[in-house]
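**Q** What shape does this take:
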Amino acid sequence: MSKGKHTPGPWIYQPADDHCGPYVTDETNCPSGTVCDLYHFPPVVVHKPEEAEANARLIAAAPETKDAAKAIDAYWTAQFPEGPIERQFPLIGEPPLALWLQVRAAVAKAEGTS
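**A** The predicted structure is shown next:
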């Protein structure tokens with residue numbers, strides 16, 4: 001699978017209405033800018049309405065969430081240039097180190113490098 005670039009953020013959550021389920025658009029907020037549709041009206045019922053709304057909100061927050069995770073990683077990398085390694089435990093403690101690894105794994109997943 002190719003590692004193309006995603007639609008630039010910010011992404012905007014659009015609530016469901018009488019004609020369609022919730023969806024996410026880019027900042028142009030026009031049909032050609034649709035990032036994701038989460039239909040929940042017949043004839044296609046993919047998710048419960050509440051679940052589709054929650055999924056749309058989570059998807060809409062993805063670009064900002066990725067940017068925040070990358071900023072956290074950059075901060076920690078500046079503090080500890082060797083990266084998240086076990087011998088750093090005495091310096092930063094095990095819970096922050098585990099969180100740093102989790103942040104890196106999430107960014108790698110979002111960027112298709114994991």
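**Q** Please count neighbours and contacts with C-alpha atoms only from this point.
**A** Fine.
**Q** Tell me which helix or strand the residue located most distally from the centre of the chain sits in.
**A** The C-alpha centroid of the chain is most remote from Pro90, which lies 31.2 Å away (C-alpha atoms, centre = their mean). Taking DSSP states H and E as the definition, one finds Pro90 inside helix 89-92.
**Q** Beyond that helix, next helix or strand please.
**A** Per DSSP H and E, the first helix or strand lying C-terminal to helix 89-92 is helix 94-111.
**Q** Against which helices or strands is that next one packed?
**A** Packing partners of helix 94-111 (3 or more C-alpha pairs under 8 Å, 6 or more residues apart in numbering; DSSP states H and E): helix 62-79.
**Q** Against His19, how distant is Ser32?
**A** Distance, Ser32 to His19, using C-alpha to C-alpha, to the nearest Å: 17 Å.
**Q** hey, which helix or strand in this protein has the poorest pLDDT?
**A** The weakest-scoring helix or strand in the chain, judged by mean pLDDT, DSSP states H and E, is helix 89-92 (a mean of 68).
**Q** Okay, and the nearest residue to Tyr13 once chain neighbours are set aside sits in which element?
**A** Spatial nearest neighbour of Tyr13, excluding adjacent residues (C-alpha to C-alpha, 6 or more residues apart in numbering): Val24 at 4.7 Å. Element membership for Val24 (DSSP H and E) is strand 23-25.
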